[in-house]
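S.K.: next comes the sequence, and after it the predicted model I'd like to discuss.
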Amino acid sequence: MLNNKSECDAGDASALRIDMAAGFRWLDKWNMSDLVAGSIVARLPGEVNWLLTHAHDRHFDEICASDMVKVNHQAEVLEGTNQRVNFAAVNPAAWVFRQNPDVNCIIHAHSTAVMAVSALKSGLLYASEPAFMFYKKLAYLDADFHFDDAYCKSVAAAVGDNMAVIYRNHAFATWGSSVHEAMLRAYMLDQACQIQLKAQATDQEVIVPDDAEKQRHYDAFFGNPKYVYDGSLEWSGMIRRLDREDPSYRD
């Protein structure tokens, strides 16, 4: 039985695999899959020696818990054999985890809407409710497709107090203390970009509030202790839907 957060809250690696597989299935439902490109990489809270990534030949809509591969920070497989993993997914995550101990999951996905905004000089406009969630919490980096150490160091530095990074002319990454927190941020960033593109397509002037109003909207997300926007409220329902529609992600 799930609680309001996730199955891996108790520190169970097998449950973390289930959460990650569920995340991949939802990224596919949200049209953020791109054949085999993109990733969810996660570790158990406090784990410093290994992390979980996915077998690189899997499409998001077919990924199961058993497709998660235990690797070290050099992308060397620690359990099992003949598993191909993506160094360009593992290396930035390893850098982020080493330098940001409160981060346990990082998502890199190719949402069409975010990719479109990544090509705009303006970047994301703080002109909608989902966008306000990222006010002063969004970083930008020029894209690098190989994710070598020098670049991954800049990715880890971009985490800081931010919630997401947009790779210019490429894609995005979100992160969090859990799979469900990183997933909520991915959903909200994509929604913000979709709304922006639809507003700009009208060829009308987009109303962008002043800084005080942006801050007020941001504080509506995170300034009230009665509300917690970390994905925990949404996650159990997302799991229930997967269980109704196709529980094979648990395999």
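M.R.: Here it is on my side, so go on.

S.K.: from here on, just use CA atoms for contacts and neighbour counts.
M.R.: Fine.

S.K.: ok, what's across the strand from the residue nearest to the spatial centre of the chain?
M.R.: Most central in the chain under CA atoms, centre = their mean is Ile107, positioned 3.1 Å from the mean C-alpha point. In this entry, Ile107 is beta-bridged to Ile40, Thr174, by DSSP bridges.

S.K.: beyond whichever strand or helix holds Ala150, next helix or strand please.
M.R.: Using DSSP states H and E, Ala150 maps to helix 149-159. Per DSSP H and E, the first helix or strand lying C-terminal to helix 149-159 is strand 164-168.

S.K.: just checking, what packs against that next one?
M.R.: Judged by 3 or more CA pairs under 8 Å, 6 or more residues apart in numbering; DSSP states H and E, the packing partners of strand 164-168 are helix 112-118, strand 138-142, strand 172-176.

S.K.: tell me which of those sits most buried.
M.R.: Ranked by mean neighbour count, the helices and strands packed on strand 164-168 are led by strand 172-176 with a mean of 26 (mean count of other CA atoms under 10 Å).

S.K.: the next helix or strand after that strand versus strand 164-168: what angle between them?
M.R.: Toward the C-terminal end, the helix or strand that comes next after strand 172-176 (DSSP H and E) is helix 179-201. Interaxial angle of helix 179-201 relative to strand 164-168 (axes from the mean of the first three to the mean of the last three CA atoms, to 10 degrees): 50 degrees.

S.K.: flag every buried residue along the next helix or strand after helix 179-201.
M.R.: Moving toward the C-terminus from helix 179-201, the next helix or strand (DSSP H and E) is helix 211-222. Of the residues in helix 211-222, Lys214, Gln215, His217, Tyr218, Phe221 count as buried by neighbour count, 16 or more other CA atoms under 10 Å.

S.K.: swap in stretch 151-159?
M.R.: Neighbour count says stretch 151-159 has Tyr151, Cys152, Lys153, Val155, Ala156, Ala157, Ala158, Val159 buried, by 16+ other CA under 10 Å.
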